[in-house]
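> got a predicted model here, sequence first, then my questions.
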Amino acid sequence: MTTVHSWRGDCLDVLPTLSTRPVDLVYIDPPYNVGVYGHYADRRGDWQQFITDRLRACRPLLSPTAVVVISIGDSELHRLRVAADTVFGPQGYLGTVHWAGNGSPRARFVAGGVDHLVLYAADHVALESSGRSFRVPKPGVGAVLAGAAQCWAQHPGDPVAASKAMRSWWASLPSEHPAQSAPGLRRYMKISPDGRLYRTTPLNKPLPRPGHVYDITHPVTDQPCQMPTNGWRHTEATLRELLDAGGVHFGPDHGEVPQARAYLDELGTTPLPSVINHRREGTRVLTELIGAHDFPYPKDPQVLTWLFSALAGPDAVVLDFFAGTGTTAHAVADLDVEDGGDRTVLLITNDESYDRYLARRLGALSAAGRLDWADHAVREAASA
Ligand SMILES: C[S@@+](CC[C@H](N)C(=O)[O-])C[C@H]1O[C@@H](n2cnc3c(N)ncnc32)[C@H](O)[C@@H]1O
């Protein structure tokens, strides 16, 4: 279950007062400096100094392997990079995920609509020597694995019936389903005796070689299986290891050449991509939860959940000091439900958004039992 602590005020004042376990992930979405949005002054006189001071203020709270992610628009991307280079060092720059949403059809020159998620290491030496890498599920993989789990739940312990159900699942899928996003996924049709989804790949050797011709016994008929024309791809010792690890698919009898199993749950991740396309759903989610539709561009929790799954382990401490409506807490709560994590979220936002948005979102999520919320602004006001 997610634990959330929230504070009200300018983060420059609040950050030095926090005593917390070392923070593993900072995610911030600071004012983009593009004008005055409804309830808050987005434009700052000296934006670069404003953001440099606040990044510097969070630094003492970070664990050595912490990652800092900053959302920013086109107009301040270059100044943000200079500010973050100043605080974390240019070597701390890990890369940028460009998030393409909807550009403006009325734009005069360039449609825009791209957000940049800029990643820095708090200490690049510590991060590099930690051996960590950032991986996310390949698009659509989660949806296909969920489909396979459903088929296995309908036919527990029966891989033949579950595989048949999986073929029907694919056949009945609507074209807009997320599983349709990568055509290669359709090759994952079979379910193993331990309930894992896989596809088969040939085990043949392209050219005949000594040491690659030997017998493999069929597990049901106990007869030597048909061998590929040029012999097996692996030596006998390697193929036996693959067999022991459940990596070989046999046909119904020894007349069919066995094949290798490629399990989707092993092959289904990719490094964080440099470009993502995702319609922004932040306002819809917030409106459904608390009825507020006047906050300018709250972030989409689904995209943050996806991002955090690569960057924040199951007991991570996550800090957002431009928290706005509290999307970060919402996204972490969704991730904890998804992977059974127990993350802690620390949120700071100023008067412009605390009562009107953040407290209402956290109140609604906590009333729904989706997170535990400690409201430090209320506690301080009560004891004042
Ligand atoms: C771009 S919005 C963040 C939106 C947020 N990511 C969400 O999805 O709701 C920036 C927020 O930072 C708050 N803010 C601006 N200056 C601040 C400061 N110095 N300290 C703390 N919060 C600040 C504003 O009230 C605004 O809600």
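Everything's here; your move.
> what's the spacing between R233 and the ligand?
50 Å (CB to the nearest ligand atom, to the nearest Å). (Glycine included, C-beta is placed from N, CA and C.)
> can you get me a residue count around that residue?
A count of nearby residues for R233, using other CB atoms under 10 Å, gives 18.
> quick one: contacts for it?
P202, L203, N204, K205, H212, L239, A260 (CB atoms under 8 Å, 6 or more residues apart in numbering).
> of all those residues, which comes closest to the ligand?
Lowest distance from the ligand to the contacts of R233 (CB to the nearest ligand atom) belongs to A260, with 44.9 Å.
> just the element for the spatially most central residue of the chain, please.
The chain has W306 as the residue nearest its centroid, 2.4 Å off, counting by CA atoms, centre = their mean. Using DSSP states H and E, the element containing W306 is helix 301-311.
> domains in the chain, as residue ranges please.
2-134+272-383, 141-267 (automatic domain parsing).
> do I have it right that L127 meets L62?
No. With contact taken as CB atoms under 8 Å, L127 and L62 are classed as non-touching, separated by 10.9 Å.
> quick check, stretch 49-60 touching the ligand?
No. Stretch 49-60 lies out of reach of the ligand by CB under 6 Å from any ligand atom, never closer than 6.6 Å.
> residues in contact with that stretch?
11-12, 15-16, 23, 26, 30, 44, 68, 70, 79-80, 83-84, 86-88, 122, 319, 321.
> still on that earlier bit, dump the domains of the chain to TSV, plus mean pLDDT.
What follows is the domains of the chain, written out as TSV (pLDDT from 0 to 100):
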stretch	mean pLDDT
domain 2-134+272-383	91
domain 141-267	93
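> pick the most buried one from the ones you listed.
Comparing these by mean neighbour count (mean count of other CB atoms under 10 Å), domain 2-134+272-383 ranks first with a mean of 18.
> gap between V275 and G101?
As judged by CB to CB, to the nearest Å, V275 and G101 stand 12 Å apart.
> which strand or helix spans the residue nearest to R186 when sequence neighbours are not counted?
Nearest residue to R186 in three dimensions, chain neighbours excluded: W170, at 6.1 Å (CB to CB, 6 or more residues apart in numbering). Per DSSP H and E, W170 falls inside helix 159-171.
> roughly how far out does that helix sit from the chain middle?
Computed by CA atoms, centre = their mean, to the nearest Å, the separation of helix 159-171 from the middle of its chain amounts to 28 Å.
> how about residues contacting the next helix or strand after that helix?
The element immediately downstream of helix 159-171 (helix or strand, assigned by DSSP H and E) is strand 190-191. The contact list for strand 190-191, computed with CB under 8 Å, 6+ apart, reads 148, 151-152, 159, 162-163, 166, 197-200, 249, 261.
> in CSV, list those residues along with distance to A111.
Below are those laid out as CSV (distance: CB to CB, whole Å):
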residue, distance to A111
A148, 39
C151, 42
W152, 44
P159, 49
A162, 46
S163, 45
M166, 40
L197, 39
Y198, 42
R199, 39
T200, 44
H249, 48
R261, 45
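> residue in this structure nearest to the ligand?
Nearest residue of the chain to the ligand (CB to the nearest ligand atom) works out as G324 at 2.6 Å.
> does that residue touch Y357 like I think?
Yes. Look at G324 against Y357 with CB under 8 Å: they come within range, at 6.5 Å.
> flag every residue of the protein that's near the ligand.
10-11, 29, 31, 40, 282, 298-299, 321-322, 324-325, 327, 348-350, 352-353.
> if you set the cut-off to 5 Å instead, what comes out?
By CB under 5 Å from any ligand atom, the residues of the chain that approach the ligand are 10-11, 29, 40, 298-299, 322, 324-325, 327, 349-350, 352-353.
> secondary structure and distance to T52 added to these, as JSON lines?
JSON lines is the format used below for these (DSSP: H, G, I helix; E, B strand; the rest coil; distance: CB to CB, whole Å):
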{"residue": "D10", "secondary structure": "coil", "distance to T52": "15"}
{"residue": "C11", "secondary structure": "helix", "distance to T52": "13"}
{"residue": "D29", "secondary structure": "coil", "distance to T52": "17"}
{"residue": "Y40", "secondary structure": "strand", "distance to T52": "20"}
{"residue": "P298", "secondary structure": "coil", "distance to T52": "25"}
{"residue": "K299", "secondary structure": "coil", "distance to T52": "23"}
{"residue": "F322", "secondary structure": "coil", "distance to T52": "14"}
{"residue": "G324", "secondary structure": "coil", "distance to T52": "20"}
{"residue": "T325", "secondary structure": "coil", "distance to T52": "25"}
{"residue": "T327", "secondary structure": "helix", "distance to T52": "24"}
{"residue": "T349", "secondary structure": "strand", "distance to T52": "20"}
{"residue": "N350", "secondary structure": "coil", "distance to T52": "18"}
{"residue": "E352", "secondary structure": "coil", "distance to T52": "21"}
{"residue": "S353", "secondary structure": "coil", "distance to T52": "22"}
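> out of those, who's nearest T229?
In terms of CB to CB, no member of the residues of the chain next to the ligand lies closer to T229 than K299, at 55.4 Å.
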